[in-house]
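**Q** I'd like to go over a predicted model; first the sequence, then the structure.
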Amino acid sequence: MPSAPSVHTSPFGTTPKGEKATLYTLANAHGITVAITDYGALIVSILTPDREGHFENIALGFDSIEAYFTPEYHSENPHFGASIGRFANRIAGGKFKLDGVTYELPKNDGLHSLHGGTEGFDTRVWKSEILEGKTPSVRFSLHSPDGDQGFPGAMDVSVTYALSDENELTMDFEAVSDKKTIVNFTNHTYYNLAGAGNGTILDHELTIPAVHYTPVDATLIPTGEFKKVEGTPLDFRKPHSIRSRINEVGGEPVGYDHNYVLPDDVGFQLNGEVYEPKSGRVLGIYSDQPGVQLYTSNFLTGKLVGKNGKAYVQHGGICLEPQHFPDSPNKPQFPSVVLGAGETYRTRIAARFGVR
């Protein structure tokens with residue numbers, strides 16, 4: 001039986017540095033629960049019902065923090081459920097210029113910097129605070145010193161998770177820096193609406209309301225162009241299964257890993273909707289960001305074993321990551337990612353759960 005909305009805490013293990021991790025489980029009046037750990041401010045699990053009322057975890061994750069530090073996890077480095085910063089996605093050559101100064105970043109994706117560097121925000125234990133109120137909420141906060149991973153400015157960051165009785169999980173990011181810098185945050189949850197570890201997401205039906213995307217080179221760095229999705233396998237303006245055109249996308253390994261350009265001047269809007277026909281589960285991702293990255297877990301291999309002993313196979317999850325465009329600091333034609341000294345950066349991501 002569903003219970004009153006609540007936040008429950010439990011131990012989640014110990015990092016290799018000896019830091020204790022805690023799990024915060026948000027529950028709403030309908031029995032939906034979202035578990036988040038203070039390590040990486042990352043989502044560990046999301047339990048939602050199917051059309052028959054049966055609950056299943058739909059987010060790829062593990063039962064303890066130790067699983068996020070295995071050699072297998074390090075080799076695949078999927079960033080399951082993570083809060084990504086300072087800069088989501090890739091920065092070409094691991095460097096950018098700001099006011100004439102070149103900043104060098106760790107190159108942790110071939111020649112490029114990815115998801116904030118080798119020690120991005122998803123590798124830190126954040127401070128946490130349960131917020132009072134009717135809606136189960138927890139705020140995670142972090143201080144990033146000047147020069148952290150090569151980025152300028154001492155930055156204070158927070159992300160607040162809240163789970164409403166309308167079955168919406170909101171993620172509110174805020175950041176303030178004492179120097180001009182760049183910023184691009186996102187959440188990197190892998191969803192499988194059939195249940196995490198229950199096969200692939202290839203038969204999920206996807207809708208993305210984008211007319212354009214940003215094409216990339218062989219190393220997944222945007223060329224700087226804007227191309228129409230019409231006539232390409234990237235066109236999801238009308239819903240269709242991911243399986244139907246994924247082989248046309250190509251890539252090594254094959255799959256989607258593309259940034260979509262969302263409609264301008266709409267504000268908070270639908271970024272993408274996923275529907276799983278057998279369970280009836282529906283997921284809508286909303287944000288106020290100019291783009292959303294579609295990723296179909298192309299680099300998963302089945303070596304990672306999650307909850308209930310289920311392997312996470314290639315195409316076993318779908319990520320819809322609201323964000324600014326990849327390599328924006330090096331592409332002046334892209335929306336700016338510059339944050340001025342003393343200014344407050346704010347962005348909201350929401351995941352809405354339902355059935356049909």
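**A** Noted; the coordinates are in hand. Residues are numbered from 1 along each chain as shown.

**Q** Now do the contacts for the closest residue to K107 other than its chain neighbours.
**A** Once flanking residues are discounted, K107 sits nearest to G94: 4.1 Å by Cβ to Cβ, 6 or more residues apart in numbering. Just so you know, the C-beta spots here come from the backbone N, C-alpha and C atoms, and that holds for glycine as well. Shown in contact with G94 (Cβ atoms under 8 Å, 6 or more residues apart in numbering): E104, L105, P106, K107, L111, H112, S113, G150.

**Q** Most neighbours of all those, which one?
**A** S113 (28 neighbours; other Cβ atoms under 10 Å).

**Q** That one reaches F87, doesn't it?
**A** Yes - using Cβ atoms under 8 Å, S113 is in contact with F87, at 7.5 Å.

**Q** residue ranges of the strands in the stretch 1-150 of the chain, please?
**A** Applying DSSP state E, counting those that start in this stretch to the stretch 1-150 of the chain gives strands spanning 6-14, 20-27, 33-37, 42-49, 55-57, 82-84, 90-91, 95-98, 101-104, 113-114, 127-131, 137-144.

**Q** re earlier: distance of the residue nearest to K107 from Q293?
**A** When Cβ to Cβ, to the nearest Å is applied, the distance between G94 and Q293 equals 19 Å.

**Q** tell me the secondary structure for the closest residue to A351 other than its chain neighbours?
**A** Leaving aside its chain neighbours, A351 sits nearest to L169 (4.6 Å; criterion: Cβ to Cβ, 6+ apart). Here L169 is recorded as strand under DSSP: H, G, I helix; E, B strand; the rest coil.

**Q** residues near L169, how many?
**A** 23.

**Q** do V216 as well
**A** Other residues near V216 come to 18 when the count uses other Cβ under 10 Å.

**Q** Distance-wise, check the closest residue to it other than its chain neighbours relative to I349.
**A** Spatial nearest neighbour of V216, excluding adjacent residues (Cβ to Cβ, 6+ apart): P222 at 5.4 Å. Separation of P222 from I349 (Cβ to Cβ): 21 Å.

**Q** Please apply the same query to K179.
**A** 26 Å.

**Q** in this protein, which strand has the most residues?
**A** If you go by DSSP state E, the chain has its longest strand at strand 344-355.

**Q** Just the mean pLDDT for it, thanks.
**A** For strand 344-355, mean pLDDT rounds to 98.

**Q** Remind me what it packs against, helices and strands.
**A** Strand 344-355 sits against strand 42-49, strand 168-177, strand 281-287, with contacts defined as 3 or more Cβ pairs under 8 Å, 6 or more residues apart in numbering; DSSP states H and E.

**Q** what about the second one, distance to the chain center?
**A** If you compare the mean C-alpha spot of strand 168-177 with that of the full chain, they lie 13 Å apart, counting by Cα atoms, centre = their mean, to the nearest Å.

**Q** okay, the helices and strands packed on strand 344-355, which one's buried deepest?
**A** strand 42-49 (a mean of 24; mean count of other Cβ atoms under 10 Å).

**Q** Show the average pLDDT along it.
**A** On average, strand 42-49 scores 98.

**Q** Perfect, that will be all.
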